[in-house]
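S.K.: everything below, folded, please.
(3 chains)
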Amino acid sequence: MKLQLKIWRQDGSEDPGQFEMHDLNGVSEDCSFLEMLDLLNEQLLENGKEPVSFDHDCREGICGTCSLTINGLPHGPEDSTTTCQLHMRKFRDGETITIEPFRAKAFPVVRDLVVDRSPFDKIIQAGGYVSVRTGSAPDGNAIPIAKQDADLAMDAAACIGCGACVAACKNASAMLFTSAKAGHLNLLPQGQAEKDQRVLNMVAAMDEAGFGNCRNYGECSAACPKDISLDFIAKLNRDYSVASVKKILS
Amino acid sequence: MALSGFVLVGFVFVHMAGNLQMFAGAEAINTYAYQLKALPWFVLWGSRLFLLVAVVVHAWTAAKICAENRASRPTTNDVEVTKKSGWASLNMGLTGSILFAFIVFHILHFTTQTVFPEYKELTTHVPASDGAEVHDVYLMVLSSFGVEWLSAVYVLCMFLLCRHLTHGVSSMFQSLGLRQESWRSKLDSLATLYGWVIFFGFISIPLAVILQKHGAVEVFDKVAFDQVVPAAVSSSIPEAPTQ
Amino acid sequence: MILDAKIPAGTLSEKWDNHRFSMKLVNPANKRKYRIIVVGSGLAGGSAAATLGELGYNVNCFCYQDSPRRAHSIAAQGGINGSKNYQNDGDSIHRLFYDTVKGGDFRSREANVYRLAQVSGNIIDQCVAQGVPFAREYGGLLANRSFGGAQVSRTFYARGQTGQQLLLGAYSSLSRQIASGQVKMHNRHEMLDVVVVNGHAKGIITRNLITGAIESWSADAVILATGGYGNAYFLSTNATGCNVTAAFRAHKRGAGFANPCYTQIHPTCIPVSGDHQSKLTLMSESLRNDGRVWVPKDPADCNKSPDQIPEEARDYYLERKYPSFGNLAPRDISSRSAKEACDNGLGVGPGGRGVYLDFSDAIDRFGESMIRERYGNLFQMYERITGENAYSRPMRIYPAIHYTMGGLWVDYNLMSTLPGCFVLGEANFSDHGANRLGASALMQGLSDGYFVIPYTVANYLAEEGAGAPDPDGPIFKEAIDQVRERVAGYLSSGGKRSSRSYHKELGHIMWEFAGMARNASGLQKAIGLIQDLKEDFSQNLTVPGKGEHLNAELERASRTEDFLDFGELLCRDALERDESCGGHFREEHQTAEGEAVRDDENFSHAAVWEHNGQGKEPTRHKEDLHFENVKLAVRSYK
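M.R.: Model prediction:
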């Protein structure tokens, strides 16, 4: 395959950044998108130029490290697919592909296509856990959990924290991420004790990080490589309302 | 946002239902209008204030959210595409702003009659008023919608309202945490249906007036109609309504 | 180098209890005076940092990823073993212990393995309490499945994402400690050296991958949980960032490296599709519960479409060779059988390096919807990568490097031969012998982090007393200077070849000569080739850009150099271990049927390598393994 790549280059968070055009020949259809970028970087190195920085690690769609907005869509055009699992057979020979970083104020660009997603960690630190001391746990079967509840919690827990939801949202809202994380724990009996505090604190951390508001576009869920449902946002809203009312009344 | 929206969603339905009494004749609509105005002052002004607060809260939170959202995404993508969201959801700010302007105009138009002060002179009597003179809403509406451009403005704005409601109603359930995957699609259809019901409910009146003006139908009292709506053939240029 | 395993006295089942009682404790009020460094934030590192923080120690945790949640433990699919016997099928601590020792081909340390089996149940409880959404039965109780190398169902799982869920559990505990200030997390920091003060590990040197800053950190103890070295083969199922640098740097500072030749090759990976390939993708071993492995009997059929090959022309070789375990034969055996089939010209797919994993029988028996429910995400992943639909056409699979049993040598307390330097998880060598059973890696990582290190590190700290050295002292300065020099060296290299090309070439050498089957002459050749490659690397490398910002090429150059040195060590170890055992298969030592032949007389020991300085031959030491509770037997799965 022959491709023309329009790639965002930015030296650091202060640099304004600009697009750069590169031609790339001899790309195999069986290449993953990131392997195609590896190829480009080898070509740049040969020509004595600096390779393009991009985030990647497991390359099997689970670690959530890879990002990239490809032709305007986070993780590219395929549904339920991360960039690392997107293969070049999904593109046309001769196509021009625009590659941009995930864009959000809360995700400043570190370099080229690499962004800083540490605000997600901050949201988890605010309450995305069950406070259980190591060694203090009761037997695993002590509390039965209905299969459908466990399955639903697992649906939420499948989130890989890649940030595509933020990048897909015109308002850079982190509601899908936060709701998946809070929802996973709030659905389980183990998460009940801290439920109210959890949603209040996680939402506060999310707001503080500078993410936008949810306008219910649904783009987040459409871009999510793990198909996290908008239901969890509804659940977060519900849990948040209840927790807020309780807080006012107490 | 959702709570104020809920108030307004409810209000437009009641408003539309009230308006449809136009088709029940002059006495029905005029009695309805009289009874509304004859409510104890604290109920009348309380409701008005309540609605005003809902509109202001709705608009103010919308403006605030828009500003925050713009700040959250300072750079836009070079390629802007969407996978799921449609025109309605992406343009809530636009439709909302136009509707806000429309509400102001609508109040100046029909409620305070500032736009066309001559409406004030349209009076009539209804049995409920015990002989007192009441405002003739029937004639005012016929007279207004007899003007093509004015009808066009109303129809257009109702279309925008329809789009606004399609996203807004469904979104309201989501924001209040009352939506689930199992009935999401039904809820979305319901929201769309609601938007269209409101749209057709409201535009049926200007549409009927224009059609009658052009002789296509006859739903309104002919005498009253001809009294305030000049015949279509005689005026290609729209005129301000005259008594 | 003294290899004292410090195995506690008493019967096997009492050792850990006795030891816990005899170990010293640190007074709760004094814990905050101790500083501990944890390198790595996967299951072992994350759980250790969280638990130590919770106990009150001052913890600094480092990872090269942009968040601790991304460590490669996240990619484990199948499950985690726990000897709960919830299925009432005869499981017990002793059975898990025995299966693990046998599965490891009798090359692991009994006492460590028994402890692992003992705490395995606590791990499940802990994870459930954290909110890990393990699969449940309709009655609300935990579900189990069976896994390779075991005849009981003891594997707990969360769909095909068990590693992810367990890691997120550890990460959530870690996050709680970060929020409380007990743990300071340093993301995107790569450890480039261990600092040794008076013979004890007392700190590390890191490079901030964003700013390029090279910094020193001091502590009372250093814990390495930096994963395995599978990426020495370039193509593996590891994440592209996984590397041996931290472990190898510690090795150079005095930590013995044990059994580097024990590498696990996972039988069910998606075959290589071309030269562009940057990594291999694992398909969970659980697929072998329902899939049947076969190749055509006749090489002439290899290029035919699988549905054109009739039943009688297919060789279901695992079922034929290992009737009692069938398609669930352990990983090393399954992998080798696949290689053998392909070597005999029976491989399918591009390059003839693949075998079929066929679900048609299972689909006939249970229906497609049931198979979809069980493995839907794996089939989807297979289709994304290969563009083929595995519901209608058998999958093609081929073995790939997956896990490394070898690692830094540790005693019963998980301390390496460098005092004060503890090693957890895949980075150590302790529990899996020459071959790891499925669903045991997650168990070991969490056992080390949650339930072992909190006790054993306390003992060390109580003995040594608090007093982390000044991180700006002369020894730290010297270590910083050495790291700076190294980094500057890469940046000023004026050659033409990228570090990736060296890494790739190393990978080819390793896979060819130290892969699924090894022999003396091949290994000798490999050592020579690697030495030549190292020479070339020192002459012709190019690293563009600066050291003061994110520079992936610089990171790769540093990791590649360590892989080159390490690769040579691995080959040396494989050459010296003149027997076949587990993942280490020496062609010279096999039965007529091609089964591995151990040499218990001469090789019932862990080989521990001591670094003698750059360019000098390392010394091989031995820790003899004593089996008092299991009888050494020929590992048979027939």
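S.K.: give the contact list for the residue in chain C that chain A sits nearest to.
M.R.: Closest to chain A within chain C is C:G140: 2.8 Å, counting by C-beta to the nearest C-beta. All C-beta spots, glycine's among them, are computed from the backbone N, C-alpha and C. Neighbouring residues of C:G140 by C-beta atoms under 8 Å, 6 or more residues apart in numbering or on different chains: A:144-147.
S.K.: how many neighbours does the residue lying closest to A:R238 once chain neighbours are set aside have?
M.R.: Once flanking residues are discounted, A:R238 sits nearest to B:G177: 2.6 Å by C-beta to C-beta, 6 or more residues apart in numbering or on different chains. Residues near B:G177, counting by other C-beta atoms under 10 Å in any protein chain shown, number 19.
S.K.: and what of C:M381?
M.R.: 24.
S.K.: that older thread, need the three-state assignment for the residue of chain C closest to chain A.
M.R.: For C:G140, the assignment made with DSSP: H, G, I helix; E, B strand; the rest coil gives coil.
S.K.: now the strands for chain B?
M.R.: Along chain B, counting by DSSP state E, strands occupy B:123-125, B:133-135.
S.K.: do chain A as well
M.R.: So, for chain A - with DSSP E - the strands run A:3-9, A:18-24, A:69-70, A:73-74, A:96-100, A:109-111, A:114-115.
S.K.: wait, what's in contact with residue 159?
M.R.: Since no chain was named, I'll use chain A. A:C159 makes contact with A:176-177, A:180-181, A:184, A:224, A:226, A:228, according to C-beta under 8 Å, 6+ apart.
S.K.: hmm, I had chain C in mind actually
M.R.: By C-beta under 8 Å, 6+ apart, the contact list for C:R159 reads A:154, A:158, C:135, C:377.
S.K.: can you read off the backbone torsions of C:A221?
M.R.: Per-residue torsions, C:A221: phi -150, psi 150 (degrees, to the nearest 10).
S.K.: ugh, typo on my part, it should be C:H621
M.R.: Backbone geometry at C:H621, expressed as degrees, to the nearest 10, gives phi -110, psi 170.
S.K.: picking up where we left off before, mean pLDDT and distance to chain B for the strands of chain A - can I get that in a markdown table?
M.R.: Listed next are the strands of chain A as a markdown table, based on pLDDT from 0 to 100; distance: least, C-beta to the nearest C-beta, whole Å:
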| stretch | mean pLDDT | distance to chain B |
| --- | --- | --- |
| strand A:3-9 | 98 | 7 |
| strand A:18-24 | 97 | 7 |
| strand A:69-70 | 98 | 6 |
| strand A:73-74 | 98 | 6 |
| strand A:96-100 | 98 | 5 |
| strand A:109-111 | 97 | 9 |
| strand A:114-115 | 98 | 11 |
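S.K.: pull the number of nearby residues for the spatially closest residue to B:C66 that is not a sequence neighbour.
M.R.: Once flanking residues are discounted, B:C66 sits nearest to B:G93: 5.3 Å by C-beta to C-beta, 6+ apart. A count of nearby residues for B:G93, using other C-beta under 10 Å, gives 15.
S.K.: and what of the one 3 residues further on?
M.R.: If you count neighbours by other C-beta under 10 Å, B:G96 ends up with 19.
S.K.: ok, of the contacts of C:G140, which one's closest to chain C?
M.R.: Nearest to chain C among the contacts of C:G140, with distances taken as C-beta to the nearest C-beta, is A:P144, at 2.8 Å.
S.K.: how close does the closest residue to that closest one other than its chain neighbours sit to A:R198?
M.R.: Nearest in space to A:P144, with sequence neighbours left out and distances taken as C-beta to C-beta, 6+ apart, is C:G140 at 2.8 Å. Going from C:G140 to A:R198 by C-beta to C-beta, to the nearest Å gives 23 Å.
S.K.: roughly how far does the closest residue to chain A within chain B sit from A:R117?
M.R.: The minimum distance from chain B to chain A, using C-beta to the nearest C-beta, falls at B:G177 (2.6 Å). Distance, B:G177 to A:R117, using C-beta to C-beta: 27 Å.
S.K.: how about C:Y317?
M.R.: Taking C-beta to C-beta, one finds C:Y317 at 46 Å from A:R117.
S.K.: okay, helices next: where are they in chain B?
M.R.: Along chain B, counting by DSSP state H, helices occupy B:2-19, B:26-37, B:41-72, B:87-90, B:92-106, B:137-145, B:148-175, B:181-213, B:222-228.
S.K.: per-residue pLDDT, the closest residue to chain B within the stretch 401-550 of chain C?
M.R.: Residue nearest to chain B within the stretch 401-550 of chain C: C:L550 (19.4 Å; C-beta to the nearest C-beta). With respect to pLDDT, C:L550 has a value of 96.
S.K.: who's in contact with it?
M.R.: Contact analysis of C:L550 by C-beta under 8 Å, 6+ apart lists A:53, A:110-111, A:114, C:209-210.
S.K.: could you look up the SS state of it?
M.R.: Following three-state DSSP, the label given to C:L550 is coil.
S.K.: any idea how far it lies from C:G230?
M.R.: C:L550 is 25 Å from C:G230, where distance means C-beta to C-beta.
S.K.: report how many residues lie close to A:I7.
M.R.: With other C-beta under 10 Å as criterion, A:I7 counts 21.
S.K.: that older thread, and the closest residue to the residue of the stretch 401-550 of chain C closest to chain B other than its chain neighbours, how many residues sit next to it?
M.R.: In space, and not counting its chain neighbours, C:L550 is closest to A:R111: 4.4 Å by C-beta to C-beta, 6+ apart. Residues lying near A:R111 (other C-beta under 10 Å) number 25.
S.K.: contact partners for A:R111?
M.R.: A:10-12, A:53, C:549-550.
S.K.: mind naming the longest helix for chain A?
M.R.: Counting residues, the longest helix found in chain A (DSSP H) is helix A:231-249.
S.K.: quick check: mean pLDDT across it?
M.R.: Mean predicted confidence for helix A:231-249 is 96.
S.K.: OK, contacts around residue 190?
M.R.: All of this refers to chain A. By C-beta under 8 Å, 6+ apart, the contact set of A:Q190 is A:130, A:132, A:143, C:128-131.
S.K.: not quite, go with chain C.
M.R.: If you count contacts by C-beta under 8 Å, 6+ apart, C:E190 has them with C:62, C:64, C:206-207, C:209, C:245-246, C:555, C:558.
S.K.: now B:R184
M.R.: Counted by C-beta under 8 Å, 6+ apart, B:R184 has contacts A:230-231.
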